[in-house]
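Asker: Here is a sequence together with a model predicted from it:
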Amino acid sequence: MLLQAVLLAANLADASARPAELELRLLRQMLEEILDNQERIARGTAGWMYSRPACCDPDSGYDQGRFQPQIGDVPLLVVLRGTTFKVRHTLKWRQYREDTLAVEIATTSSEVTVPKKLLLEFEKNELEFEYEVRVGAPGDYAIVLTPAVGEVVMVHLSVR
């Protein structure tokens, strides 16, 4: 539509000009219009092709596209000696293909007693899991959870 208006205006304004010059002028105007449109479209779609999807961006906060489960961290635990208590972790299954996850638990000292291994099931431990810890002598200890798949989690424990 716009090109037709340009053609009509050019024909009326330059009726005395030679046909070859008129065609050349119209071609230049059409090319300038095409280039302007391409530039406008390129600016509008600049980030579309090269932006990473949210599932692949570690800073996006979206982590459901990953295939390894994630065990949540626990802040520093301060307890009295000789007590027994439960530690609870959050668990994000994400897109993990299995329905069970084996987690080995180790401590830095024999003064801290924990189960050696946990077998977490999706139906029973959909969002969280817990295990029992018994402490002996005062000191600073660590509990290390090593899942079969995923990142290792360390829980710091201070016994008074």
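Answerer: Everything's here; your move.

Asker: Now do the helices in this protein.
Answerer: Under the criterion DSSP state H, the chain contains helices at 2-13, 19-44.

Asker: Can you tell me which of those helices has the worst average pLDDT?
Answerer: Mean pLDDT values for these show the minimum at helix 2-13, a mean of 54.

Asker: so what pLDDT did Glu130 get?
Answerer: For Glu130, the model assigns a pLDDT of 95.

Asker: which residues sit against stretch 126-140?
Answerer: Stretch 126-140 is contacted from outside by 72, 79, 81-91, 93, 105, 109, 111-115, 118, 120, 141, 143, 156-160, using C-beta atoms under 8 Å, 6 or more residues apart in numbering. Every residue, glycine included, has its C-beta placed from N, CA and C.

Asker: Show me what counts as buried in that stretch.
Answerer: Buried residues in stretch 126-140, defined by neighbour count with 16 or more other C-beta atoms under 10 Å: Phe129, Val133, Val135.

Asker: Now intersect the residues you listed with the strands, please.
Answerer: Among those, the members found in strands (DSSP state E) are Phe129, Val133, Val135.

Asker: Turn those into JSON lines, columns for distance to Pro147.
Answerer: Shown next, in JSON lines, are those (distance: C-beta to C-beta, whole Å):
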{"residue": "Phe129", "distance to Pro147": "11"}
{"residue": "Val133", "distance to Pro147": "18"}
{"residue": "Val135", "distance to Pro147": "23"}
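
Asker: So, low pLDDT: which residues of this structure?
Answerer: 1-17, 46-64 (pLDDT under 70).

Asker: any idea how far Arg43 is from Met30?
Answerer: In this view, Arg43 and Met30 are 21 Å apart by C-beta to C-beta, to the nearest Å.

Asker: ok, now Glu98?
Answerer: 61 Å.
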